[in-house]
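A.B. asks: okay, here's the prediction I keep looking at, along with the sequence it came from:
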Amino acid sequence: MNVTDLLNSVPTGLWQGGRSVPSESGRTFDVVNPATGEVLASVANATPADARAALDMAATVADDWAATPARTRAEILRAAFEAVTARADDFALLMTLEMGKVLPESRGEVTYGAEFLRWFSEEAVRIGGRTATAPAGTGEIAVVKEPVGPCLAITPWNFPLAMGTRKIGPALAAGCTMIVKPAEDTPLTMLLLAQVFAEVGLPPGVLSVLPTLDAPTVVGELMADERLRKVSFTGSTGVGKILLAQAANNVLRTSMELGGSAPFVVFDDADLDKAVDGAMLAKMRNGGEACTAANRILVQNGIREAFTARLTERVASMRVGPGWEETSSIGPIINAKQRGSIAALVDEAVAAGATVRTGGKQVDGAGFFFEPTVLDGIPDDARIRRDEIFGPVAAIVGFDTEEEGVAMANDTEYGLAAYFFTENVGRAQRVARKLQAGMVGVNRGVISDPAAPFGGIKQSGLGSEGGSEGIQEYLNTKYIALPAL
Ligand SMILES: O=CCCC(=O)O
């Protein structure tokens, strides 16, 4: 499909009751292509009244959806997997247009994102329970699982499809209804996904999508309504804390996938080729705009210059450009504000004494491009060693001993992902256990997998998405006490 036909095929209203409708206010907002600054589409701008209407529907159909046989729910998810896969080119181009990532990465996200639908279609029919006889012989214990009820998903702009399917898949599999508030920069992918769900037979009202420029008010309206039973959020730790405080009022179930500052540790016994390949993935995947991105590259001093030189060569060879051009290996940053915050981190580090090995600047002209960058010799107190960069900037710091490397890796309030490279099995086992992170990659630069539990510890969040753990986030445990046999 060409760009015009594709954009014309995407619904631009709110998704409510199984169809695309305008906001009750009649207001819309523009979605911008970050590679050109041009408007791609105008979408409906949801209000608190729209949010109430979506929750009315989610609550009205909740019991029917929960009572729908698991096999039927599984088949709808499986059909959605097939339909998204059949339209992989459309989803990929749409993500490249609204988010900026290069087409091969968008295609990778379609595979990754669709897989959550297939994975949870398989989990839907395996929601178990258990029975036991009370040890004192006083009765029988039956443990059953029940859907938590209407859920709210708040999804980020960096993975417009996969961060949605990672929440929608388990919610629908468990028998929950769901309202999605997509990121304001990237609502189109989610609206197309909702249309696909309707085409494969998802009953109206089970899934709603509310794009909005007024997230605090719209989300606040939903969070204050006691019919909402769960919120699942992927985004910054700051916003996560606000949501957790709001969730306390109605004692909501919460899943929080929050900020990260992943350490990427290279020991002197690492295979340097593997470590450089791993760093390119862990740092430059998705243009560095990933919560799992290597934020602090910690390299043992004996190999630091060799590693830095090779990484610099690879980063310097990256071609910046629009994601749809075959020659581009890295696209634009999502918007001007985000690009400005990356530039500020780099400028401050350089002013404090860091060395720019390559890159380091915004690219002049249309769009929000930033040069892929390697910084070395970063002083201890530079903000870039603490804050999440969320861009294509590799910040390298040296260390001397294993203990020092691990201590530096753990010296953060975050605990999402961590990576390390070593060829020593004993060190691999030791360090994997010592790193304070919900996910650890050993000699690997990408850890994301729909079949694995994704989640952080410390201020990186609560709960797991994906794996057999993911569906449990959408299920309550009920104990039924039965008389003794
Ligand atoms: O940015 C957060 C998600 C990254 C991933 O799922 O690999």
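C.D. replies: Cool, the structure landed.
A.B. asks: buried ones in stretch 446-464?
C.D. replies: 446-448, 450, 452-456, 458-464 (16 or more other CB atoms under 10 Å). (Each C-beta comes from the backbone N, C-alpha and C, glycine too.)
A.B. asks: check whether it comes near the ligand.
C.D. replies: Yes - among the residues of stretch 446-464, Ser448, Phe454 lie within reach of the ligand under CB under 6 Å from any ligand atom.
A.B. asks: now do the end-to-end distance for that stretch.
C.D. replies: Stretch 446-464 has its terminal residues 17 Å apart, counting by CA to CA, to the nearest Å.
A.B. asks: on the three-state scheme, the spatially most central residue of the chain is what?
C.D. replies: For the chain, the residue nearest the mean C-alpha position is Met163 (4.3 Å; CA atoms, centre = their mean). Counting by DSSP: H, G, I helix; E, B strand; the rest coil, the backbone at Met163 sits in helix.
A.B. asks: burial count for the residue nearest to it when sequence neighbours are not counted?
C.D. replies: Of all residues not flanking Met163 in the chain, Thr155 sits nearest, at 4.6 Å (CB to CB, 6 or more residues apart in numbering). Using other CB atoms under 10 Å, Thr155 has 29 neighbouring residues.
A.B. asks: number of residues surrounding the nearest residue to Ala418 once chain neighbours are set aside?
C.D. replies: Excluding the flanking residues, the one nearest Ala418 by CB to CB, 6+ apart is Ala437, at 3.8 Å. Ala437 is flanked by 26 other residues according to other CB under 10 Å.
A.B. asks: would you confirm that Ala437 contacts Gly455?
C.D. replies: No - Ala437 sits out of contact with Gly455 when judged by CB atoms under 8 Å, with a separation of 10.1 Å.
A.B. asks: can you pull the contacts of Ala270?
C.D. replies: By CB atoms under 8 Å, 6 or more residues apart in numbering, Ala270 lies in contact with Ile303, Phe421, Thr422, Glu423, Asn443.
A.B. asks: same question for Gly377.
C.D. replies: Gly377 makes contact with Gly353, Ala354, Thr355, according to CB under 8 Å, 6+ apart.
A.B. asks: same check on Met178?
C.D. replies: Taking CB under 8 Å, 6+ apart, we find Met178 in contact with Ala58, Pro150, Cys151, Leu152, Ala153, Lys167, Ile168, Ala171, Leu172, Val206, Leu207, Ser208.
A.B. asks: how about Gly456?
C.D. replies: Counting by CB under 8 Å, 6+ apart, Gly456 has contacts Glu257, Leu258, Gly260, Tyr414, Gly415, Leu416, Ala417, Ala437, Gly438, Met439.
A.B. asks: do you know how far the second one is from Val276?
C.D. replies: Going back to what we said before, that points to Leu258. 29 Å (CB to CB, to the nearest Å).
A.B. asks: neighbour count: those two, which is higher?
C.D. replies: Leu258 (27 against 23).
A.B. asks: can you turn the buried part of the contacts of Ala270 into a ChimeraX selection?
C.D. replies: Selecting only the buried entries of these in ChimeraX, with 16+ other CB under 10 Å as the criterion:
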select :303,421,422,443
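A.B. asks: now, the contacts of Ala270 that are in strands?
C.D. replies: When DSSP state E defines the strands, the subset of those inside them is Phe421.
A.B. asks: and the contacts of Ala270 as CSV, adding distance to the ligand?
C.D. replies: Listed next are the contacts of Ala270 as CSV, based on distance: CB to the nearest ligand atom, whole Å:
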residue, distance to the ligand
Ile303, 27
Phe421, 19
Thr422, 23
Glu423, 26
Asn443, 18
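A.B. asks: out of the contacts of Ala270, who's nearest Pro379?
C.D. replies: Proximity of these to Pro379 (CB to CB) peaks at Ile303, which lies at 21.3 Å.
A.B. asks: check contacts around the closest one.
C.D. replies: Val266, Asp268, Ala270, Leu272.
A.B. asks: in three-state terms, label the residue lying closest to Pro150 once chain neighbours are set aside for me.
C.D. replies: Distance criterion CB to CB, 6+ apart; nearest residue to Pro150, sequence neighbours excluded, is Ala58 at 4.1 Å. Following three-state DSSP, we place Ala58 in the helix state.
A.B. asks: quick one: Ala58 from Leu281, how far?
C.D. replies: 38 Å.
A.B. asks: also Ile127?
C.D. replies: Distance of Ile127 to Leu281, given as CB to CB: 34 Å.
A.B. asks: and the stretch 151-300 of the chain, which residues reach the ligand?
C.D. replies: Checking the stretch 151-300 of the chain against the ligand by CB under 6 Å from any ligand atom, the hits are Asn158, Phe159, Ala290, Cys291, Thr292.
A.B. asks: buried subset of the residues you listed?
C.D. replies: Applying 16+ other CB under 10 Å to these flags Asn158, Phe159, Ala290, Cys291, Thr292 as buried.
A.B. asks: how about stretch 99-115, does it reach the ligand?
C.D. replies: No - judged by CB under 6 Å from any ligand atom, stretch 99-115 and the ligand are separated, with a smallest distance of 7.2 Å.
A.B. asks: could you point out the longest helix of the protein?
C.D. replies: In the chain, assigned by DSSP state H, the helix with the most residues is helix 103-124.
A.B. asks: what helices or strands is it leaning on?
C.D. replies: Helix 103-124 is packed against helix 70-86, helix 88-99, helix 162-174, with contacts defined by 3 or more CB pairs under 8 Å, 6 or more residues apart in numbering; DSSP states H and E.
A.B. asks: possible to save these as CSV with mean pLDDT and distance to Thr312?
C.D. replies: Below are these laid out as CSV (pLDDT from 0 to 100; distance: least, CB to CB, whole Å):
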stretch, mean pLDDT, distance to Thr312
helix 70-86, 98, 38
helix 88-99, 98, 27
helix 162-174, 98, 30
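A.B. asks: redo these as TSV? Include distance to Asn476.
C.D. replies: Listed next are these as TSV, based on distance: least, CB to CB, whole Å:
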stretch	distance to Asn476
helix 70-86	16
helix 88-99	33
helix 162-174	10
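A.B. asks: most tightly surrounded among the ones you listed?
C.D. replies: helix 162-174 (a mean of 29; mean count of other CB atoms under 10 Å).
A.B. asks: just the CA trace of it, in PDB.
C.D. replies: This file holds the C-alpha atoms of helix 162-174, laid out as PDB (Å, rounded to 0.1, in the frame of the first residue of the first chain):
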ATOM      1  CA  ALA A 162       4.400  -4.100  20.800                       C
ATOM      2  CA  MET A 163       3.800  -2.200  24.000                       C
ATOM      3  CA  GLY A 164       0.000  -2.400  23.200                       C
ATOM      4  CA  THR A 165      -0.100  -6.100  22.300                       C
ATOM      5  CA  ARG A 166       1.900  -6.900  25.400                       C
ATOM      6  CA  LYS A 167      -1.000  -5.500  27.500                       C
ATOM      7  CA  ILE A 168      -4.000  -6.200  25.300                       C
ATOM      8  CA  GLY A 169      -2.900  -9.800  24.600                       C
ATOM      9  CA  PRO A 170      -2.900 -11.000  28.300                       C
ATOM     10  CA  ALA A 171      -5.900  -8.800  29.200                       C
ATOM     11  CA  LEU A 172      -8.200 -10.300  26.500                       C
ATOM     12  CA  ALA A 173      -6.800 -13.800  27.200                       C
ATOM     13  CA  ALA A 174      -7.700 -13.500  30.900                       C
END
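A.B. asks: C-terminal to that helix, which secondary structure element comes first?
C.D. replies: On the C-terminal side of helix 162-174, the closest following helix or strand by DSSP states H and E is strand 178-181.
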